[in-house]
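In: Build me a model:
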Amino acid sequence: MVSIKDIAKKAGVSISTVSYALNGSNKVTDETRSKILVIAKELNYVPNAAARTLKKRESRILGVFLTDFSGDVYGDLLTGMKAICNAQGYDLIVCSGKQSHRMLPERMIDGAIILDHTFSSEELMQYADRGHKIVVLDRELKHPNINQVLLDNKAGATLAMEYLIEHGHKKIYVVTGPEGSFDSLQRLKAVRQVAERQADVEWIEIMGDFEKSGGERAADYIIQTYEGPAAVFCLNDEMAIGLCDRLADSELEIGKQIDVIGFDHIELTNYVQPRLASIDYSKRKWGALAAEQLIKIIAGEPVDHERIYVTLVEGESVTGPNSVEVRLPMPNANERAVSY
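Out: Take a look at the predicted model:
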């Protein structure tokens, strides 16, 4: 392995100067730091924290990298992972942010579970090429050191759309996740496929963010442009709850003028009135299976890619189009009455 002593020798500086430069200290000039960083890159230098503390190159620690920690999905997911790690003699640490990425190449952890869009696919492939073991939950990658444990997003979105269409809806709003989200893109792809098979169904895409606020903004748009009964498919429950909360302050009623279905079936949906229809799957099983697969590939055992299956949970938030008179604010008048 290349050490800072090798870098110091090539750069013609002291070991302490190299250490300062690599750690971003202001004790070295920008010119010296740049020179040292270039040499470190040429020598393929990678700091190895584990090698400084362990004789064996294993930590018995797995890392899970998440974009966010909020929401019921992440809590249940981590519970499933932790149960498997504890049973197999591993500890689990949860990481977020670009700076935490170094834990993998520095071998602070034995392997990584990725549900984090701050990792580029190219970066993960580079780590896999170096022998690091990885399980991805948010993308499709082919590499011997990478295993996929993916949610069946397309099946879930198809179930949701067909459920709304079977209830007679011809106009469906679809509130998406953030741009670049794998789950959102997969669900949206299924939406398009269903819509293409139903020529008489109009679907309108509203940009969301998988946050409650995204659902609230979508509700504002629907209220402002309302012309008659419609359905809304929010690509996660957080947005569906935000949408329902905002609609509750308007003349539009869930299950009457507007039907709503979400995705994830988080616990909070059981307390929304009317009860929210959603797409369900076992978050704990998803997390447990991801941890199992990672431990197997670390041990050199053969594994297949896995998929987490989904089911439809019906709710009173979907009843079909209803003919009800509603009074909504007009842009250039106090109010209007609309009857369908």
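
In: what ranges do the helices span in the stretch 1-150 of the chain?
Out: With DSSP state H, counting those that start in this stretch, the ranges of helices along the stretch 1-150 of the chain come out as 4-11, 15-22, 30-42, 49-53, 72-87, 121-129.

In: So what pairs up with residue 150 in the strands?
Out: residue 307 (DSSP bridges).

In: List the residues that contact it.
Out: For residue 150, the contact set (CB atoms under 8 Å, 6 or more residues apart in numbering) comprises 136-137, 140, 305-308. Bear in mind the C-beta positions are built from the backbone N, C-alpha and C, glycine included.

In: List just the nearest of these to residue 68.
Out: residue 137 (13.3 Å; CB to CB).

In: Now do the contacts for the closest one.
Out: 113-115, 149-151, 286, 290.

In: go on, residue 278?
Out: So, once contact is read as CB under 8 Å, 6+ apart, residue 278 ends up touching 237, 240, 261-266, 269, 313, 315.

In: Going by neighbour count, which of those comes out on top?
Out: residue 240 (32 neighbours; other CB atoms under 10 Å).

In: Just give the nearest non-adjacent residue to it, would you?
Out: residue 262 (3.3 Å; CB to CB, 6 or more residues apart in numbering).

In: neighbours of residue 130, just the number please.
Out: With other CB under 10 Å as criterion, residue 130 counts 13.

In: Next, count neighbours for the residue nearest to it when sequence neighbours are not counted.
Out: Excluding its sequence neighbours, the residue lying closest to residue 130 (CB to CB, 6+ apart) is residue 105, at 7.0 Å. Neighbour count of residue 105, defined by other CB under 10 Å: 15.

In: if we can go back for a sec, export the contacts of residue 150 as a markdown table, with columns for distance to residue 6 and pLDDT.
Out: Listed next are those as a markdown table, based on distance: CB to CB, whole Å; pLDDT from 0 to 100:
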| residue | distance to residue 6 | pLDDT |
| --- | --- | --- |
| 136 | 34 | 98 |
| 137 | 38 | 96 |
| 140 | 38 | 95 |
| 305 | 40 | 96 |
| 306 | 42 | 96 |
| 307 | 46 | 96 |
| 308 | 46 | 96 |
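
In: Just the buried residues of those.
Out: When the contacts of residue 150 are checked for burial by 16 or more other CB atoms under 10 Å, the buried set is 136-137, 306, 308.

In: how about JSON lines for these, with distance to residue 100 added?
Out: Below are the buried ones among the contacts of residue 150 laid out as JSON lines (distance: CB to CB, whole Å):
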{"residue": "136", "distance to residue 100": "16"}
{"residue": "137", "distance to residue 100": "16"}
{"residue": "306", "distance to residue 100": "25"}
{"residue": "308", "distance to residue 100": "25"}
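
In: biggest separation within these, which pair?
Out: 136 and 308 (13.1 Å).

In: Could you name every residue contacting both of the two?
Out: 149-150.

In: Hmm, residue 242 and residue 211 touching each other?
Out: Yes. Using CB atoms under 8 Å, residue 211 is in contact with residue 242, at 7.3 Å.

In: of these two, who's got more company?
Out: residue 242 (23 against 18).

In: Would you mind stating the distance between the more buried one and residue 163?
Out: 21 Å (CB to CB, to the nearest Å).

In: tell me, how many neighbours does residue 29 end up with?
Out: Counted with other CB under 10 Å, residue 29 comes out at 10.

In: Quick one: find the helix or strand in the protein with the lowest mean pLDDT.
Out: Scoring the helices and strands of the chain by mean pLDDT, DSSP states H and E places strand 333-338 at the bottom, with a mean of 36.

In: List the residues that contact the residue nearest the centre of the chain.
Out: Per CA atoms, centre = their mean, the C-alpha nearest to the average position across the chain is that of residue 115, at 5.7 Å. With contact set as CB under 8 Å, 6+ apart, residue 115 has these partners: 64-67, 77, 137-138.
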